[in-house]
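Undergrad: Quick one, structure for this:
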Amino acid sequence: MIQSFNMRTLLIIACIFCSLNTNAQVLSDREQSRVVDEILTERFNTLLPMLMERTGIDMWVIIAREYNEDPVLKTMLPSTWLSARRTTMLVFYADPKSKQVEKLAIARYNVGDAIKASWDMQKFPDQWDALADIIKTRNPKKIGINTSASFGHADGLAYTHQQQLMSKLSKEQQARVVSAEPLAVGWLETRTEREMQVYTQLVRISHNIIKEGFSDKVVTPGITTTDDLVWWFRQKVTDLGLTTWFHPSVAIQRSDSSSFEHLRSFSDRPKDDVVRPGDLLHVDFGITYLRLNTDIQQHAYVVLPGETEAPASIKKAFANANRLQDILTSQYKTGRTGNEILLSALSQAKSEGIVPSIYTHPLGLHGHAAGPTVGMWDLQGGVPGSGDYKLFPNTAYSIELNASTDIPEWKKSIRIMLEEDGFYDGKGFRYIQGRQREIYLIGK
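TA: Predicted structure coming up:
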């Protein structure tokens with residue numbers, strides 16, 4: 001793992017997040033800005049050279065226009081830049097002699113402290129001519145640009161800009177242009193030790209918000225609706241000074257004739273379903289903080305009069321989903337593709353009598369992030385393109401799946417849909433801040 005961090009910052013973060021309740025204080029905007037920029041500088045200085053060497057791309061050209069930002073470029077902007085400025089051009093060049101990576105901005109001003117302005121406007125009034133000169137003088141073997149058929153994250157170069165770039169290159173230089181997909185995905189998917197220190201706190205906060213939302217403090221059976229809960233989660237995030245990258249969802253499974261299909265849980269569920277005793281609740285929830293994202297799904301059961309725990313059949317269903325998690329994460333091995341991991345996990349789960357569905361995705365600077373896709377809910381035979389990407393160490397994942405189990409007393413099957421955030425370090429997989437092992441109880 002990349003190791004280089006400021007202990008003062010980590011101590012500040014640890015102290016601020018030392019409380020386990022959801023009222024833990026969030027860093028001020030100023031402190032957040034400082035932490036984001038320190039992490040970004042660390043990534044430029046330690047992660048980027050390693051990735052350029054690994055991929056064999058010695059020059060990476062990233063171009064974007066204000067309000068039409070390349071997804072990768074947005075992760076490289078300093079904290080005080082909320083968008084690109086005019087046309088923003090960044091060039092990273094791995095110099096074979098100095099063994100250093102030059103970080104250049106063809107701009108009127110520096111892009112933060114890490115990327116220096118390298119546009120001599122007196123010599124090159126046209127910005128594109130300045131870029132062409134940098135390429136010519138460095139004479140790279142491979143010129144990586146952000147085009148990709150498999151990853152939207154790595155396909156950020158606009159068609160107009162691609163045409164303009166190619167028109168400024170000689171035919172010999174044009175022949176050296178390659179897709180920077182492996183470099184872009186590597187940049188987005190790889191987590192540093194500093195980021196993982198922060199990630200522990202993010203997941204802890206997310207877990208605690210869910211635990212509070214799925215409690216008697218928030219839920220009153222017979223009165224509270226699923227939409228009440230959705231907006232409680234959304235408001236809680238805002239009240240804590242955080243943001244979310246998607247609107248939360250809350251759904252119910254109960255002893256009735258309704259089936260709980262994947263699409264229904266997201267698009268066709270009742271918006272004002274009143275929570276009742278005997279209901280099994282499900283939430284899909286995540287937060288964004290310090291440019292990192294969480295994505296978690298958990299369950300709660302509303303006890304019936306006289307009950308002190310969930311029915312044995314529901315607990316068994318939950319245990320099946322936990323087992324499916326174990327089966328999936330045991331398949332994580334460096335160099336295996338997402339599709340290989342998926343098919344092996346599904347095969348093992350079925351051999352154990354579990355009815356599985358796996359749709360796991362990378363996690364990090366985006367919620368649905370770049371990296372090996374391990375199934376989609378409607379592509380259980382493998383995912384072309386992103387599913388063929390290989391697993392690398394120091395990457396984070398949202399382990400998302402469900403197991404279907406028959407509930408005899410309900411005369412139907414239920415789906416335990418779990419999602420927990422974890423980290424693969426190259427030796428093994430771990431959950432960043434544990435996972436749900438027992439169903440929360442409401443009304444006990």
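Undergrad: just so I have it, where are all the helices in the stretch 101-250 of the chain?
TA: 127-138, 159-168, 171-174, 181-189, 193-213, 226-239 (DSSP state H, counting those that start in this stretch).
Undergrad: The nearest residue to Gly381 once chain neighbours are set aside and Pro356, how far apart?
TA: Of all residues not flanking Gly381 in the chain, Leu343 sits nearest, at 7.8 Å (Cβ to Cβ, 6 or more residues apart in numbering). Yep, even glycine has a C-beta here, placed from its N, CA and C like the rest. Between Leu343 and Pro356 the distance is 11 Å, computed by Cβ to Cβ, to the nearest Å.
Undergrad: Likewise for Ile407?
TA: Counting by Cβ to Cβ - Ile407 and Pro356 are separated by 17 Å.
Undergrad: Let me know whether Leu27 touches Ser33 as I believe.
TA: No: checked against Cβ atoms under 8 Å, the pair Leu27 and Ser33 is beyond contact range at 9.1 Å.
Undergrad: In terms of neighbours, single out the busier of those two.
TA: Counted by other Cβ atoms under 10 Å, Leu27 and Ser33 do not tie: Leu27 has more neighbours, with 20 against 15.
Undergrad: Are we agreed that the more buried one is in a helix?
TA: No: secondary structure of Leu27 (DSSP: H, G, I helix; E, B strand; the rest coil): coil, not part of a helix.
Undergrad: What score does it have for pLDDT?
TA: Leu27 carries a pLDDT score of 90 in this model.
Undergrad: Check which helix or strand Asp406 maps to.
TA: For Asp406, the host element (DSSP states H and E) is strand 395-407.
Undergrad: what's the closest non-adjacent residue to Ser118?
TA: With sequence-adjacent residues excluded and distances taken as Cβ to Cβ, 6+ apart, Ser118 is closest to Leu104, at 4.2 Å.
Undergrad: That neighbour: neighbour count?
TA: 22.
Undergrad: What of Arg437?
TA: 8.
Undergrad: For it, which non-adjacent residue is closest in space?
TA: Asn322 (6.4 Å).
Undergrad: Wait, that neighbour touches Ile439, no?
TA: No: assessed by Cβ under 8 Å, Asn322 is found out of contact with Ile439, at 10.7 Å.
Undergrad: These two: which has the busier surroundings?
TA: The neighbour comparison of Asn322 against Ile439 (other Cβ under 10 Å) goes to Ile439, with 20 against 17.
Undergrad: Would you agree that one is in contact with Val302?
TA: No: using Cβ under 8 Å, Ile439 makes no contact with Val302, being 10.3 Å away.
Undergrad: okay, and the common contacts of those two?
TA: Residues touching both Ile439 and Val302 (Cβ atoms under 8 Å, 6 or more residues apart in numbering) are Leu280.
Undergrad: coming back round to it: okay, the helices of the stretch 101-250 of the chain, which one's buried deepest?
TA: Comparing those by mean neighbour count (mean count of other Cβ atoms under 10 Å), helix 181-189 ranks first with a mean of 24.
Undergrad: Kindly format the C-alpha coordinates of that helix as CSV.
TA: Extracted C-alpha coordinates of helix 181-189, given in CSV (Å, rounded to 0.1, in the frame of the first residue of the first chain):
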residue,chain,number,x,y,z
GLU,A,181,-7.9,3.3,-19.6
PRO,A,182,-5.5,1.2,-17.5
LEU,A,183,-3.9,4.3,-16.1
ALA,A,184,-7.1,6.2,-15.5
VAL,A,185,-8.8,3.2,-13.8
GLY,A,186,-5.7,2.5,-11.7
TRP,A,187,-5.6,6.1,-10.6
LEU,A,188,-9.3,6.0,-9.6
GLU,A,189,-9.4,2.6,-8.0
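Undergrad: Roughly how far does the nearest residue to Arg204 once chain neighbours are set aside sit from Arg138?
TA: Distances taken as Cβ to Cβ, 6+ apart place Gln433 nearest to Arg204, at 4.8 Å, with adjacent residues excluded. Taking Cβ to Cβ as the measure, Gln433 falls 44 Å from Arg138.
Undergrad: Likewise for Ser118?
TA: Using Cβ to Cβ, Ser118 is found at 11 Å from Arg138.
Undergrad: same deal with Gly375?
TA: Relative to Arg138, Gly375 is positioned 42 Å away (Cβ to Cβ).
Undergrad: Next: Val383.
TA: To Arg138, Val383 is 37 Å away according to Cβ to Cβ.
Undergrad: same deal with Gly335?
TA: Distance from Gly335 to Arg138, counting by Cβ to Cβ: 32 Å.
Undergrad: on that earlier part again, what about Ile407 and Pro356, which has more around it?
TA: The residue with more neighbours, out of Ile407 and Pro356, is Pro356; 24 against 17, by other Cβ under 10 Å.
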